[in-house]
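Visitor: task: produce atomic coordinates for the following.
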Amino acid sequence: MPEAMLRVLFIAAIVALVGARIPDASAQSADAIMTEGYLRSAQQGDVRAQFYLGALYAQGIGVAQSDVEAFRWFLSAAERGHAQARLVTGEMYAIGRGAAKSNVDAYKWASAAATNANPADTQRSAQRLLDLLAGRMTGAEVAEGKQRAQSIALSSGQVAVNPPAESSPVTTDRRRGAEYDRLTDAINRNPQDADAYYKRGNVLARLREYDLAGKDFGRAIELNPRDAQAYNNRCWVNVALRLGQMAISDCDEALRLRSDYADAYDSRGLANLMLGRLDPAISDFNEALRLKPRLATSLYGRGLAYKRQGRTSAGNADMKAATVIDPVIREELESYGIR
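Guide: So this is what the prediction gives:
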């Protein structure tokens, strides 16, 4: 099927989803309140909220329209087993909306959506997408798509598609320090202060409160969509949360905004390593080290990748050099599940 038809099918699906399944909120203020409710639930890991938040971003309801943010939330729901989100993620990869176009990744997610555990209408739509993709892919690409699909952990059961109830923000008695308090005061005085959100996200990331850090980086991005550092830092916290594909999406955007950003290559390399994509990981680490030769995370990460490829001597050399620069680099990366 022509590329234009794929786009029509995707847009029609999103319009139908928003119009038919998300409660109507005609006033702009009501839209914003509704979206904030979904955002709170999505940040707390509610897979249904993540799916609906993706639809809201895709249509610009209650929030500035953003294909990148729509893809991020659809992908998050897909990685957690939401059947429709897997289908939409495949469609977005197929047309290159919100993420770099990839027939292989589109095939991967469409395959996951086409399994018998999913609703019949989702299976049929996913199978149509698979048929379309197969017509424009080589045999080797189809085989790779199938192999990647096998790596997706199937959800324990069907995820329902009813809208989630709004939940209250997570509260905590934990003292986060004077800098956190100062930045929170700044945000309360001016909720449009992108820099304050970015800096508070850094404080939260240092405290390993990654979910909340990601929310602050996300708000900074909404207010300043050209902030490459915010995209990179959200990429990093997604690595820490072991959300590899979401991390790659953010790092891709950081590098689109700033092509010589060593830290973004480093973060994306770690995400690729986490996902077992050794050649892309090594490529990212090489570029990071070209720009910043003493970057311990890239040295250690490249060493791990080399060792997984059987290049033990080169791997050990990199890991030893990284440890000289940062004696606790091994422990840091192991805390993110990278070993």
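Visitor: is Ala64 in a helix, a strand, or coil?
Guide: coil (DSSP: H, G, I helix; E, B strand; the rest coil).
Visitor: distance of it from Ala296?
Guide: Distance, Ala64 to Ala296, using Cβ to Cβ, to the nearest Å: 37 Å. (C-beta placed from N, C-alpha, C; glycine too.)
Visitor: so where's the stretch 101-250 of the chain shaky on pLDDT?
Guide: When residues are selected by pLDDT under 70, those of the stretch 101-250 of the chain lie in 152-174.
Visitor: which residue ranges of it form helices?
Guide: Here the stretch 101-250 of the chain has its helices, by DSSP state H, counting those that start in this stretch, at 103-113, 120-134, 139-150, 178-189, 194-206, 210-223, 228-240, 244-257.
Visitor: could you dump these into CSV with mean neighbour count added?
Guide: Putting the helices of the stretch 101-250 of the chain into CSV (neighbours: other Cβ atoms under 10 Å) gives the following:
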stretch, mean neighbour count
helix 103-113, 25
helix 120-134, 17
helix 139-150, 15
helix 178-189, 14
helix 194-206, 21
helix 210-223, 22
helix 228-240, 26
helix 244-257, 23
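Visitor: so which of those comes closest to Ala83?
Guide: Of all the helices of the stretch 101-250 of the chain, helix 120-134 sits nearest to Ala83, with 4.8 Å by Cβ to Cβ.
Visitor: which phi and psi values does Arg311 adopt?
Guide: Phi and psi for Arg311, reported as degrees, to the nearest 10, are phi -90, psi 70.
Visitor: what about it, how many neighbours?
Guide: 15 (other Cβ atoms under 10 Å).
Visitor: and it, what does it touch?
Guide: Applying Cβ atoms under 8 Å, 6 or more residues apart in numbering to Arg311 gives no contacts.
Visitor: same thing with Ala220?
Guide: Going by Cβ under 8 Å, 6+ apart, Ala220 touches Ala194, Asp195, Tyr197, Tyr198, Gly201, Asp227, Ala230.
Visitor: just the closest of the residues you listed to Met92, please.
Guide: The closest of the contacts of Ala220 to Met92 turns out to be Ala230 (Cβ to Cβ; 21.8 Å).
Visitor: just to revisit the earlier point, okay, the contacts of Ala220 in a markdown table with distance to Tyr210 next?
Guide: Formatted as a markdown table, the contacts of Ala220 follow (distance: Cβ to Cβ, whole Å):
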| residue | distance to Tyr210 |
| --- | --- |
| Ala194 | 20 |
| Asp195 | 20 |
| Tyr197 | 15 |
| Tyr198 | 15 |
| Gly201 | 10 |
| Asp227 | 19 |
| Ala230 | 15 |
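Visitor: find the centremost residue of this structure, please.
Guide: For the chain, Met246 is the residue whose C-alpha lies nearest the centre (Cα atoms, centre = their mean; 1.6 Å).
Visitor: wait, doesn't that residue sit right on Ala77?
Guide: No. When contacts are counted by Cβ atoms under 8 Å, Met246 is not listed as touching Ala77 (10.6 Å).
Visitor: and Ala271, which of the helices of the stretch 101-250 of the chain is closest to it?
Guide: It's helix 244-257; of the helices of the stretch 101-250 of the chain, that one is closest to Ala271 (Cβ to Cβ) at 3.8 Å.
Visitor: after that closest one, which helix or strand is next? Please name it.
Guide: Downstream of helix 244-257, the next assigned helix or strand under DSSP states H and E is helix 262-274.
Visitor: how much space between Asp326 and Ser125?
Guide: Distance of Asp326 to Ser125, computed by Cβ to Cβ: 48 Å.
Visitor: contacting residues around the residue nearest to the centre of the chain?
Guide: Counting by Cβ under 8 Å, 6+ apart, Met246 makes contact with Arg72, Leu75, Ser76, Glu79, Asn238.
Visitor: which among the helices of the stretch 101-250 of the chain is found nearest to Gly276?
Guide: Gly276 sits nearest to helix 244-257 of all these, at 9.0 Å, using Cβ to Cβ.
Visitor: in space, what's closest to Arg208 - neighbours in sequence excluded?
Guide: In space, and not counting its chain neighbours, Arg208 is closest to Ala240: 7.4 Å by Cβ to Cβ, 6 or more residues apart in numbering.
Visitor: many thanks, have a good one.
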